[in-house]
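Participant: Have a look at this prediction, sequence included:
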Amino acid sequence: MSPLSVPDVDTRQDAEKEVASKVRDLFGEEFAVIIMDSDFTTFDEVEHACMALFGYSKAEAESLSMRVHTAGEALAAVMPEDRARQSVRQLRRRNVLARVEKL
């Protein structure tokens, strides 16, 4: 039986920096809406919020909710700053922890 192969932290960080750079090239001055995991938000709350605010399908919303739960956070949308900040306020009103991040 072979040991489980896990990439080292430096390799993962380099990959994340490369992806972030490519995203910046694609979206320019856009902002990311990041949904974060919390002990007080249910899967249903995240799913319903993403369907209502971002037009996610049920399957897409379920997938995003699972990414938030397993990774601690997930990218929900990319949009101009004003819309991103408004979306975060709307998410918080729906009991969903979120933040805006410049790409």
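Facilitator: Arrived safely.

Participant: Quick check: residue 43 touching residue 67?
Facilitator: No: at 11.4 Å, residue 43 does not count as touching residue 67 under the criterion of CB atoms under 8 Å. No exception for glycine: its C-beta is placed from N, CA and C like everyone else's.

Participant: And these two? Which one has more around it.
Facilitator: The neighbour comparison of residue 43 against residue 67 (other CB atoms under 10 Å) goes to residue 67, with 17 against 14.

Participant: And the more buried one, which helix or strand is it part of?
Facilitator: helix 58-71 (DSSP states H and E).

Participant: Now do the SS call for residue 74.
Facilitator: Applying DSSP: H, G, I helix; E, B strand; the rest coil to residue 74 yields a three-state assignment of strand.

Participant: Tell me how many other residues crowd it.
Facilitator: Quick note: residue 74 (other CB under 10 Å) scores 20 neighbours.

Participant: That one contacts residue 63, doesn't it?
Facilitator: No: taking contacts as CB under 8 Å, residue 74 lies outside contact range of residue 63: 9.1 Å.

Participant: Please name the residues that touch residue 47.
Facilitator: With CB atoms under 8 Å, 6 or more residues apart in numbering as the criterion, the residues that contact residue 47 are 56, 58, 61-62, 64-65.

Participant: Quick one: low-confidence residue ranges for the chain.
Facilitator: Per-residue confidence for the chain (pLDDT under 70) gives these ranges: 1-10, 12-13, 16-17, 19-28.

Participant: Please, where are all the helices along it?
Facilitator: Ranges of helices within the chain are 9-27, 43-54, 58-71, 81-93, based on DSSP state H.

Participant: As TSV, these with distance to residue 102 would be great.
Facilitator: Conversion of those to TSV gives the following (distance: least, CB to CB, whole Å):
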stretch	distance to residue 102
helix 9-27	9
helix 43-54	19
helix 58-71	20
helix 81-93	8
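
Participant: most packed of those?
Facilitator: Stretch with highest mean neighbour count among the helices of the chain: helix 43-54 (a mean of 19; mean count of other CB atoms under 10 Å).
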